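S.K.: Model the following, please.
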Amino acid sequence: MVSRFASLLALPLAAACAPVTGGGDAPSLPTAADVDGALFVAGKFGNTLSKVDLKSGAVVASVASCTNPHELATSPDAAHVALACYGGQTLDIFRTVDLERVASIDLGENARPHGVVWHANGDLYATAEGRGSIFWVRDPLGAAQTFEYASGQQGTHMLAIAPDALHAWTTNLGSRTVSLIDLKTRRAPRSVEIGEEPEGIWLSPDGDTLWVSARGSNAAFALDPQTLAIRQRVETGAFPLRITLRPQGDYAVTSDLADGGLSVIDTASGEVVRSIPVSSPAEAEARTQVTILFSPDGERIYVAETTANTIAEVEFASGTVLRRLPGEGGGDGIAIVE
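M.R.: Have a look, this model is predicted:
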């Protein structure tokens, strides 16, 4: 099973998240929910950006975006969403109200931006996998000054940014490493091998622990953010492609692509306390579960099922799949505004 998924997401670099032909079941009919806000979905098969109203569960807007769009990030004021154009070299910014494109920030030849963070300070940070670097974009809606930092690694894929924006951390699929990048002094990055194929990355809200999921190891790792020393290894479900933390910081969750589940880790004990079956091992390949994202209150978790063109909405407390929202065009990157 895992080997089939490894070929689907073939490593390294350009092929790591290359588009494949979408398939799977048609989306389940969404039902109305007592939830306000919107979910934004990057369709990497259809080269689209769509907006799903969380109250009705319906797509209320959809626009052409760019070639092979991937990760998304919303601005601190929720007025804009940034999209990493993995098949090109730009970060594109859209208004959340109507999906009008208001900016396109060029990161240079062969950038292939993938991971993106819109920091509380108002600046954008993104990986440029094709250049083995990350970019800091100061004032993205204004002057959009860009500063590039080489990781010195291959396949710089996802990233996390410190609360004070002085450091960045990346997972580097091609090198099988995690890197610490000093955004102030530009000292040479520190890189350490962490498991097999580290991909998911998330910094705890207090900045004290860096969590990494290594999809080839079927494990998550709790790291010291400054030394990158492994504090704890936690066995997860199969092929944990992504990791995220609940906004409260009490649980880390991995998206286990090869078995269609979520592994829930108590961050205090470092133990898996339960598993949530979003689909099943039999359905996993047809759904290709990738990105996961908590609602701002930590009560729900959204799971992108890319080849099924659906986004599963899961009640975190019970582990119940409440409904499947449309994830048209091969929904991969997701972002939320409530």
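S.K.: Look up which helix or strand the residue positioned nearest the centre of the chain falls in, please.
M.R.: Residue closest to the mean C-alpha point of the chain, counted by C-alpha atoms, centre = their mean, is Thr291 at 5.1 Å. Secondary structure from DSSP states H and E places Thr291 in strand 289-294.
S.K.: what's the next secondary structure element after that strand?
M.R.: Past strand 289-294, further along toward the C-terminus, the next helix or strand under DSSP H and E is strand 300-305.
S.K.: related to what we said a few turns ago, pLDDT score for the residue nearest to the centre of the chain?
M.R.: On pLDDT, Thr291 comes in at 98.
S.K.: Please apply the same query to Val35.
M.R.: On pLDDT, Val35 comes in at 89.
S.K.: Val314 versus that one, what's the distance?
M.R.: 13 Å (C-beta to C-beta, to the nearest Å). Placement of C-beta: from N, CA and C, glycine included.
S.K.: any shared contact partners between these two?
M.R.: Both Val35 and Val314 are contacted by Arg300, under the criterion C-beta atoms under 8 Å, 6 or more residues apart in numbering.
S.K.: returning to that earlier point: the strand holding Thr291 to strand 300-305, inter-axis angle?
M.R.: 160 degrees (axes from the mean of the first three to the mean of the last three C-alpha atoms, to 10 degrees).
S.K.: Distance from the chain centre to strand 289-294, please.
M.R.: Strand 289-294 has its average C-alpha position 7 Å from the chain's average C-alpha position, going by C-alpha atoms, centre = their mean, to the nearest Å.
S.K.: List the pairing partners of that strand within its sheet, with orientation.
M.R.: When pairing is defined by DSSP bridges, strand 289-294 lines up against strand 300-305 (antiparallel).
S.K.: What residues sit buried inside the helix or strand that the partner strand is followed by?
M.R.: Following strand 300-305 in sequence order, the next helix or strand is strand 310-315 (DSSP H and E). Across strand 310-315, burial judged by 16 or more other C-beta atoms under 10 Å covers 310-314.
S.K.: Can you name every helix or strand that the helix or strand hosting Ile93 contacts?
M.R.: Element membership for Ile93, per DSSP H and E: strand 90-95. Strand 90-95 sits against strand 80-85, strand 101-106, strand 113-118, with contacts defined as 3 or more C-beta pairs under 8 Å, 6 or more residues apart in numbering; DSSP states H and E.
S.K.: For that strand, buried residues please.
M.R.: 90-94.
S.K.: Just the angle for that strand relative to strand 80-85, thanks.
M.R.: 150 degrees.
S.K.: Tell me what angle strand 90-95 forms with strand 101-106.
M.R.: Orientation note: strand 90-95 sits at an angle of 170 degrees relative to strand 101-106 (the same axes, to 10 degrees).
S.K.: Name the residues that touch strand 90-95?
M.R.: Applying C-beta under 8 Å, 6+ apart, the contact partners of strand 90-95 are 49, 63, 65-66, 79-85, 100-107, 111, 113, 116, 124, 126, 135, 137, 140-141.
S.K.: Which parts of this structure are helices?
M.R.: 2-8, 281-287 (DSSP state H).
S.K.: Show the contacting residues for Ala268.
M.R.: Residues near Ala268 by C-beta under 8 Å, 6+ apart: Asp250.
S.K.: Next one: it from Ser213, what distance?
M.R.: Distance, Ala268 to Ser213, by C-beta to C-beta: 19 Å.
S.K.: What of Ser104?
M.R.: From Ser104 to Ser213 the distance is 31 Å (C-beta to C-beta).
S.K.: With Leu245 instead?
M.R.: 12 Å.
S.K.: neighbour count winner among these two?
M.R.: Each of Leu245 and Ser213 has its neighbours counted (other C-beta atoms under 10 Å); Ser213 has more, 33 against 20.
S.K.: Tell me how many other residues surround Thr185.
M.R.: Neighbours around Thr185, by other C-beta under 10 Å: 7.
S.K.: And it, how far from Asp208?
M.R.: Plainly put, Thr185 is 21 Å away from Asp208 if you go by C-beta to C-beta.
S.K.: Check Gly130 too.
M.R.: Going from Gly130 to Asp208 by C-beta to C-beta gives 32 Å.
S.K.: on that earlier part again, which one of the helices of the chain has the lowest average pLDDT?
M.R.: Looking at those, the weakest mean confidence is helix 2-8, a mean of 51.
S.K.: Let me have the helices and strands packed on strand 90-95 in a markdown table, extended by mean pLDDT and distance to Gln153.
M.R.: Shown next, in a markdown table, are the helices and strands packed on strand 90-95 (pLDDT from 0 to 100; distance: least, C-beta to C-beta, whole Å):
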| stretch | mean pLDDT | distance to Gln153 |
| --- | --- | --- |
| strand 80-85 | 98 | 18 |
| strand 101-106 | 98 | 23 |
| strand 113-118 | 98 | 13 |
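S.K.: Including mean neighbour count and distance to Pro240, could those strands go into JSON lines?
M.R.: As requested, the helices and strands packed on strand 90-95 are exported to JSON lines (neighbours: other C-beta atoms under 10 Å; distance: least, C-beta to C-beta, whole Å):
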{"stretch": "strand 80-85", "mean neighbour count": "26", "distance to Pro240": "21"}
{"stretch": "strand 101-106", "mean neighbour count": "15", "distance to Pro240": "31"}
{"stretch": "strand 113-118", "mean neighbour count": "25", "distance to Pro240": "16"}
